[in-house]
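1. Fold the following for me, if possible:
(chains A and B)
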Protein chains: 2
Amino acid sequence: MLQPTDGGYTNGYHHDDADGGNRVRRGSRGRSRGRRGGGGGSDGGGGARVSQWQHEGEEREKPAPPCTDFDTAYFHSYAHVGIHEEMIKDRVRTESYRNAIFQHQNFIAGKVVVDVGCGTGILSIFCAQAGARRVYAVDASDIAVQANEIVKANNLSDKVIVLHGRVEDVEIDEEVDVIVSEWMGYMLLYESMLGSVITARDRWLKPGGLILPSHATLYMAPVTHPDRYSESVDFWRNVYGIDMSAIMPLAKQCAFEEPSVETITVENVLTWPQVVKHVDCYTVTIQELESITARFKFESMMRCTSSLFLPLSSNNIV
Amino acid sequence: MLQPTDGGYTNGYHHDDADGGNRVRRGSRGRSRGRRGGGGGSDGGGGARVSQWQHEGEEREKPAPPCTDFDTAYFHSYAHVGIHEEMIKDRVRTESYRNAIFQHQNFIAGKVVVDVGCGTGILSIFCAQAGARRVYAVDASDIAVQANEIVKANNLSDKVIVLHGRVEDVEIDEEVDVIVSEWMGYMLLYESMLGSVITARDRWLKPGGLILPSHATLYMAPVTHPDRYSESVDFWRNVYGIDMSAIMPLAKQCAFEEPSVETITVENVLTWPQVVKHVDCYTVTIQELESITARFKFESMMRCTSSLFLPLSSNNIV
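-> Modelled structure (predicted):
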C-alpha cells in the first residue's frame, strides 16, 4: 500500500508522540478482533448462551470449582479490557453509534436486534434503551462473559441475550429486524469483522431489515509529514555531534515497512482522496472482500520532500 | 513481582498517556536484545568483522548480487532503528554514558575497549573521542552493519572495529583494558545483556581493567497511582450513563497481569525502597543471575486505595 518515494516515510512503531500508545493499542485491538469473527472458533463451545454455559460449568465442577469459567475468562481475556476501554473512550466513535441508534429508534423500538461482536455490550444496551424488544449480543471472545455481567447488573437480562460464540456457530431462532456492529478496523477492513456481519445478515436479517452502519467507503490520498520525517530520519544527521546519516536509508526504509495510524493536518494531504472501495453492507459478499484492487492516479497539488499514502475511511449510518 | 492487593493495579498496555508509546517500544527493545546476547547465534556467521563479511558476500554473489548482505540487514532489522532512536534520544541515559566515558578518559586514552552490544556504535565512538587506541564494537544484531557504516563515515575505521556476532563467538586477539556496555533492561535484568558483559569480561578483560558501569542495584517499593486507577478501573462505574462496574474486577486483574513502565511522582511511593539485588559487574557470575530471590517487608507510610510494587534501579559508573 505504501508508495516508496524518495524521502517518504511512515511508521507508527518508532514514533514518539502522545498518540504512540493509541496506535499500538489499536493494532492490538485488530489482533483481538481476529478471535471474534471468522477465525478461531474454540471459544464459546459452539455458541452457548453465557448463562447456560456458566450453569453447565457449575454442574461439571461442583461443589466448588477451583477455577470457574468466569475465572478462565479473567485470565485469558484480560488484555481485552484495555481494548474496550480505548474503543469506548473514543467519544466520536461511541457517540456516532449511539446517535445513529437513537436516530433510528423507529426502526428499533419493539424490534429484534443482533449486535455482531458486542464487546462489553455497549451498543446492545443502547439498542435496549432505544426500545428494542430483544437484542442478541454475540461475541466469540471472552469479553462476552463481562458483557453478560454488565447486562445482568443493568437488569436487562430479559431483553439482552449475550451469546458467547461466533455468529457462524450461535443459534438465534428467529429473524432479526436490525443488525448493529462496530466492525471497522484500520484501513476499514484490517482484520475486520465485516465477514461476520455478512454472515449474520445472511443467516438472520429479515428482508428490508436495517444494518447499522449501512455503507462504508475507503479513500486513499498521498500525504506529507515533514515533522515526523525530521524527527525519525533527519535526526540521524547529528547525534550528539556524531554524523550518523549513514543510517538514514534504513530509517527511511523502516518508515515504509509498517503502517502508521495517526492524525495529520489537512495541509499535509497532497491531493483529493480517491475511492479505493465502497462497501454496501446490504449487498457486499465475503468473496468480494478477499482481495481488493483499485487503480488511481494522483497529481500532487504541492511539492514536498516526503510522501506516503494515507487511507481514509468514512461510514454512513444509513 | 506485582502484589495483588485490593484496588491495586498497573498495566502499561491500556494506559493512555503521552508515555504509552515509550513503554511499548521499550518492551520491543527488550525483545530485540534477546537476539544480541546469549540467545540466537545465527547472525554474523560466528562473528565476522563487518568489513570482511561484506567482502566475502561480494565474492559469493558477483558480479551484481540482487540482494546484498547490506540489503538483508535493511529488511530484517528495520525495527531496530526505532529502538536505537529511542535509546539515543533518552538524553539522561546517553549523556550519563558519555559523561562517564569522558570522566574516565585517563583509563581509556591509549587503551583497548570492547563495547558489548554496541548498537549504532555511539558509545564506541565516544570512547574513540576519549582517545581509545582501539574499540571493538560487538553486536550480534544486524544493526552492526549500520554501526560499521557510521564508523566509516566518521573516519574511525582504524580505531573502531565493528564485530558482527555474539561476544561468545567473535574473536578478539588481545586483552582489553575497558568494557563499556549499555546492558540494562527493564527491572534492571529484563532480557538484559549482562550475561554477555560477563562473558566479555571473562574472555578479554585484563586484571584491574575497568567496567562501565561497574555496579547496579535493583530496588523495590510499593507505590500508589490513584489517577491511573481512576482512569482504568473507576472509569467503568459510569460509561455513557451505563453502570459497567461489573467489569471492574477484570480491569483490576488486567492491571496486575502486566508490568508497566512509567514515571510516577515521589508522593506516590509508599515506603523507602528496599534492595532486591546488588550487582558487582567485576564479580557477578551468570549462575548468580539465573534466579534472584529476596525477602522484604514493607510498612506503608500512608493509607491508599491502590498499590503495586515498583522496581527501581540505579547504577554506579565506577
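
2. okay, CA-based contacts and neighbour counts for the rest of this
-> Noted.

3. which helices and strands does whatever helix or strand A:Tyr219 lives in pack with?
-> A:Tyr219 is part of strand A:215-223 when elements are defined by DSSP states H and E. Contact analysis of strand A:215-223 by 3 or more C-alpha pairs under 8 Å, 6 or more residues apart in numbering or on different chains; DSSP states H and E lists strand A:274-280, strand A:308-316 as its packing neighbours.

4. Compare the mean pLDDT across those strands and name the weakest.
-> Mean pLDDT is lowest for strand A:308-316 among the helices and strands packed on strand A:215-223, at a mean of 60.

5. Return the distance of A:Ala216 relative to B:Phe107.
-> Counting by C-alpha to C-alpha, to the nearest Å, the gap from A:Ala216 to B:Phe107 is 66 Å.

6. Actually, A:Ala294.
-> 63 Å.

7. neighbour count winner among these two?
-> B:Phe107 (19 against 8; other C-alpha atoms under 10 Å in any protein chain shown).

8. Just to be sure, that one is in a strand?
-> No: applying DSSP: H, G, I helix; E, B strand; the rest coil, one finds B:Phe107 to be helix, outside a strand.

9. residues contacting it?
-> B:Asp177, B:Val178, B:Leu210 (C-alpha atoms under 8 Å, 6 or more residues apart in numbering or on different chains).

10. tilt between the strand holding A:Tyr219 and strand A:274-280?
-> Interaxial angle, strand A:215-223 versus strand A:274-280 (axes from the mean of the first three to the mean of the last three C-alpha atoms, to 10 degrees): 170 degrees.

11. which element follows strand A:215-223 toward the C-terminus?
-> That would be, after strand A:215-223 and using DSSP H and E, helix A:226-232.

12. touching chain B at all, that next one?
-> Yes: judged by C-alpha under 8 Å from any C-alpha of the partner chain, helix A:226-232 and chain B are in contact via A:Ser232.

13. can you count the residues close to A:Ile292?
-> By other C-alpha under 10 Å, neighbour count at A:Ile292 equals 8.

14. got the contact list for the nearest residue to it once chain neighbours are set aside?
-> Excluding the flanking residues, the one nearest A:Ile292 by C-alpha to C-alpha, 6 or more residues apart in numbering or on different chains is A:Lys277, at 7.4 Å. The contact partners of A:Lys277, taken as C-alpha under 8 Å, 6+ apart, are A:Thr217, A:Leu218, A:Tyr219, A:Ile292, A:Ala294.

15. Let's verify A:Ala137: helix, strand, or coil?
-> strand.

16. Just give me the closest of the contacts of A:Lys277 to chain B.
-> Nearest to chain B among the contacts of A:Lys277, counting by C-alpha to the nearest C-alpha, is A:Ile292 at 26.0 Å.

17. returning to that earlier point: now the contacts of A:Lys277 in TSV, with pLDDT?
-> Shown next, in TSV, are the contacts of A:Lys277 (pLDDT from 0 to 100):
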residue	pLDDT
A:Thr217	93
A:Leu218	91
A:Tyr219	89
A:Ile292	88
A:Ala294	86
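
18. Show me what from the stretch 201-318 of chain A comes close to chain B.
-> Residues of the stretch 201-318 of chain A lying close to chain B by C-alpha under 8 Å from any C-alpha are A:Ser232, A:Val239, A:Ile242, A:Asp243, A:Met244, A:Ser245, A:Ala246, A:Ile247, A:Leu250, A:Ala251, A:Gln253, A:Cys254.

19. circling back: for the contacts of B:Phe107, pick the one with the most neighbours.
-> Going by other C-alpha under 10 Å, B:Val178 tops those with 25 neighbours.

20. What strand or helix carries that residue?
-> When elements are assigned from DSSP H and E, B:Val178 belongs to strand B:176-180.

21. Could you name the helices and strands sitting against that strand?
-> Packing contacts for strand B:176-180, counted by 3+ C-alpha pairs under 8 Å, 6+ apart, involve helix B:105-108, strand B:112-116, helix B:194-204, strand B:205-212.

22. Columns mean pLDDT on top of those, output as CSV?
-> Listed next are these as CSV, based on pLDDT from 0 to 100:
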stretch, mean pLDDT
helix B:105-108, 97
strand B:112-116, 98
helix B:194-204, 96
strand B:205-212, 97
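
23. returning to what we had before: what are the C-alpha coordinates of the strand holding A:Tyr219, in CSV please?
-> Output of strand A:215-223 as CSV, limited to C-alpha atoms (Å, rounded to 0.1, in the frame of the first residue of the first chain):
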residue,chain,number,x,y,z
HIS,A,215,-22.3,1.8,4.0
ALA,A,216,-18.6,2.4,4.2
THR,A,217,-16.0,3.9,1.9
LEU,A,218,-12.3,3.6,1.9
TYR,A,219,-10.4,6.5,0.4
MET,A,220,-6.7,7.0,-0.3
ALA,A,221,-4.5,10.0,-0.7
PRO,A,222,-0.8,10.8,-0.6
VAL,A,223,0.3,12.9,2.4
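
24. in that strand, what's buried?
-> A:His215, A:Ala216, A:Thr217, A:Leu218, A:Tyr219, A:Met220, A:Ala221, A:Pro222, A:Val223 (16 or more other C-alpha atoms under 10 Å in any protein chain shown).

25. Would you agree A:His116 is in contact with A:Ser141?
-> Quick fix: residue A:116 is Val, not His. No: assessed by C-alpha atoms under 8 Å, A:Val116 is found out of contact with A:Ser141, at 11.6 Å.
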